[in-house]
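Have a look at this fold, sequence not included:
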């Protein structure tokens, strides 16, 4: 059985990036890690990071149903190899580990850094957030 793990704030780096522990599911390790990176960016944009730590807990987009309103934009943004990849970096020094596994899916937890300031600027330039 899979548990739904919420992203955890691990702190904020000197350059302002947020370090998070996030989880993703996929058919293999690579797919699960890529999904975890998408989940991290999505959480910062739409939900904010809950719990303890120095991370900015507020979501970037406060608008209700923003994901649905800008569906075409976010579908392209979160597509495989999409623009989200510019704002998330996998921390290779912290090893990934299996949290759960079934016959066809694995769930991995990874540590990533999110460039929140650059992500906010991108959303403002693209008209999702006011300048």
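Good, I have the coordinates. In this text the structure is predicted, and so the values were computed from the model without any measurement.

CA atoms for contacts and neighbours, from now on please.
Will do.

Which of the residues in stretch 105-117 are classified as buried?
For stretch 105-117, burial by neighbour count (16 or more other C-alpha atoms under 10 Å) applies to 106-116.

Among the residues you listed, find me the one that's closest to residue 88.
residue 114 (4.7 Å; C-alpha to C-alpha).

Spit out the contact partners of the closest residue to the closest one other than its chain neighbours.
Nearest non-adjacent residue to residue 114, counting by C-alpha to C-alpha, 6 or more residues apart in numbering: residue 88, 4.7 Å away. Residue 88 makes contact with 37, 40-41, 112-115 under the criterion C-alpha atoms under 8 Å, 6 or more residues apart in numbering.

Look at residue 88 and report its pLDDT.
The per-residue pLDDT reported for residue 88 equals 97.

Need the phi and psi values for it.
phi -130, psi 140 (degrees, to the nearest 10).

gap between it and residue 23?
14 Å (C-alpha to C-alpha, to the nearest Å).

what's the answer for residue 117, then?
Noted for residue 117: a distance of 22 Å to residue 23, by C-alpha to C-alpha.

now do residue 9
Residue 9 sits 13 Å away from residue 23, taking C-alpha to C-alpha as the criterion.

ok, the two, which is more surrounded?
Each of residue 9 and residue 23 had its neighbours counted (other C-alpha atoms under 10 Å), and the higher figure belongs to residue 23 (29 against 21).

that's a strand at the more buried one, yeah?
Yes. Under DSSP: H, G, I helix; E, B strand; the rest coil, residue 23 falls within a strand.

ends of stretch 58-69, how far apart?
Stretch 58-69 has an end-to-end distance of 20 Å (C-alpha to C-alpha).

Nothing else from me, thank you.
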